[in-house]
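1. Provide a 3D model corresponding to the input given below.
(one chain, ligands or ions: 2)
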Amino acid sequence: MEIGITHCGICHSDLHLISNDWGISQYPFIPGHEIVGSITAVGSEVRSLDLGQRVGLGWQSNSCGACEWCIRGMENLCPSAEATCVHRHGGYADRVRANVRFVIPIPEALESAQAAPLLCAGITVYNPLRTHAVNPSSRVGVVGIGGLGHIAIQFARVFGAEVTAFSSSAAKEEEVRALGAHHFVNTRESKALKEVAGSLDFVLSTVNADQDWGVFIQTLRPTGALCFVGVPPSPVSIQAFPLISGLRTISGNPTGSPSRLREMLDVAARHGVKAQIESFPMAKANEAIEKVKKNKIRYRAVLAN
Ligand code: NAP
Ligand code: ZN
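-> Residues are numbered from 1 along each chain as shown. Ligands and ions are numbered 1, 2, ... in the order given. Down below sits the predicted model:
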């Protein structure tokens with residue numbers, strides 16, 4: 001399946017891959033895995049999608065289709081999963097190819113530029129909110145309000161939760177409240193962090209930097225969970241005792257399956273969840289990347305052809 005790319009979001013994972021933070025990058029390297037476009041070529045066996053149809057492609061482009069996880073519909077856990085821009089060329093381009101199973105139709109109600117970031121940032125925050133059964137009784141914290149975080153706030157609101165945003169950028173407060181956060185905690189103020197101790201059921205960290213993780217464990221109520229989607233550079237170090245005494249857990253989440261992606265896009269379309277974007281022409285990708293690096297984008301950079 002070949003997609004003629006109209007839009008591609010800039011995820012912080014692209015920046016990690018550009019600088020080979022994870023030791024898996026291959027150069028020459030073309031980043032990009034928040035892709036929207038229309039189908040320009042299909043293989044002879046493809047029945048589910050048509051030429052010209054508007055579609056999206058996220059982090060994952062293929063899986064084995066035969067292992068326990070693929071058969072269970074959890075293709076994002078397949079040990080042979082292939083990522084769209086790891087050892088293959090991604091979406092900062094005119095065209096991209098992927099297995100049809102990972103190419104997802106975009107609902108009509110979503111605009112392409114605002115939908116592109118949902119393909120990675122959106123699913124990466126939606127999936128753990130669903131896995132951890134967030135509901136109207138839940139008190140949810142979102143740590144780091146960038147591309148992932150600003151969409152997490154919106155989905156947590158759709159699920160009916162009370163939402164606390166944790167940000168190191170005091171200047172974001174007003175916008176973050178407008179996105180749906182009930183509370184705003186400046187993570188540079190230890191007093192503000194202490195005030196929310198023991199108040200949350202589920203905390204989703206989207207931060208790509210090291211933090212004092214014990215502080216976030218302390219924000220959890222008994223049975224609460226801290227889930228990592230952001231990738232800090234150092235190992236995560238925490239005391240065991242608060243986990244033991246309060247039956248608390250820590251977890252992680254890798255993107256989501258194709259069926260979850262379809263569900264997420266449908267929920268986004270019906271409930272008005274969309275990325276707040278800054279648009280750049282594809283040729284200005286380097287300029288946009290520099291702005292992401294400096295945490296200056298509000299809240300997702302999207303490249304357009
Ligand atoms: P982003 O748009 O750059 O946002 C990251 C946010 O983290 C920033 O906006 C900032 O929020 C906060 N932050 C950055 N540096 C910080 C620091 N030194 N101290 C405290 N806070 C800091 O990045 P993103 O695209 O959302 O991606 C975030 C992370 O998720 C990356 O590590 C990426 O690789 C990872 N990711 C994982 C998956 C997965 O499947 N698990 C999928 C996509 C991305 P504030 O200004 O509000 O503090
Ligand atoms: Zn990503």
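2. drop to CA atoms for contacts and neighbour counts, all remaining ones
-> Will do.
3. pLDDT score for R139?
-> We have a pLDDT of 98 for R139.
4. Report the separation between it and L193.
-> The gap separating R139 from L193 is 15 Å, by Cα to Cα, to the nearest Å.
5. Those two: which is more packed in?
-> Taking neighbours as other Cα atoms under 10 Å, R139 and L193 compare with R139 leading, 21 against 17.
6. Now do the same contact list for the more buried one.
-> 161-164, 199-202 (Cα atoms under 8 Å, 6 or more residues apart in numbering).
7. I'd say T255 and W59 touch.
-> Yes - counting by Cα atoms under 8 Å, T255 sits close enough to W59 to count as a contact (7.1 Å).
8. which residue sits closest to the most centrally placed residue in the chain, ignoring its sequence neighbours?
-> For the chain, the residue nearest the mean C-alpha position is A121 (2.3 Å; Cα atoms, centre = their mean). Spatially, and ignoring its direct neighbours in sequence, A121 is nearest to L148 (4.7 Å; Cα to Cα, 6 or more residues apart in numbering).
9. hang on, the one you found is in a helix, isn't it?
-> Yes - according to DSSP: H, G, I helix; E, B strand; the rest coil, L148 belongs to a helix.
10. Near it, how many other residues are there?
-> So L148, with other Cα under 10 Å, has 31 neighbours.
11. mind listing what it touches?
-> So L148 contacts 121-122, 124-125, 206 (Cα under 8 Å, 6+ apart).
12. biggest separation within those residues, which pair?
-> Taking every pair in those and measuring Cα to Cα, the maximum separation is 11.8 Å, between G122 and T206.
13. So for the two, which sits in the more crowded spot?
-> Set side by side, G122 and T206 show more neighbours around G122, with 31 against 25, by other Cα under 10 Å.
14. For the residue lying closest to N76 once chain neighbours are set aside, list the residues it contacts.
-> Leaving aside its chain neighbours, N76 sits nearest to S257 (5.1 Å; criterion: Cα to Cα, 6+ apart). By Cα under 8 Å, 6+ apart, the contact list for S257 reads 73-76.
15. quick one: terminal-to-terminal distance for stretch 71-83?
-> End residues of stretch 71-83 are separated by 19 Å (Cα to Cα).
16. at contact distance from ligand 2, anything in that stretch?
-> No - using Cα under 5 Å from the ion, we find that stretch 71-83 stays clear of ligand 2, coming within 10.1 Å at best.
17. those strands in the stretch 101-250 of the chain, which residues are they?
-> Assigned by DSSP state E, counting those that start in this stretch, the strands in the stretch 101-250 of the chain fall at 104-105, 139-143, 162-167, 183-186, 200-205, 220-228, 249-252.
18. Please see if the second one touches ligand 1.
-> The one in question is strand 139-143. No - applying Cα under 6 Å from any ligand atom, one finds strand 139-143 separated from ligand 1 by no less than 6.9 Å.
19. mind listing what that strand pairs with, with the direction of each?
-> In the sheet, strand 139-143 lines up against strand 162-167 (parallel), strand 200-205 (parallel) (DSSP bridges).
20. quick one, what contacts A121?
-> The neighbours of A121, taking Cα under 8 Å, 6+ apart as the test, are 11, 147-148, 151.
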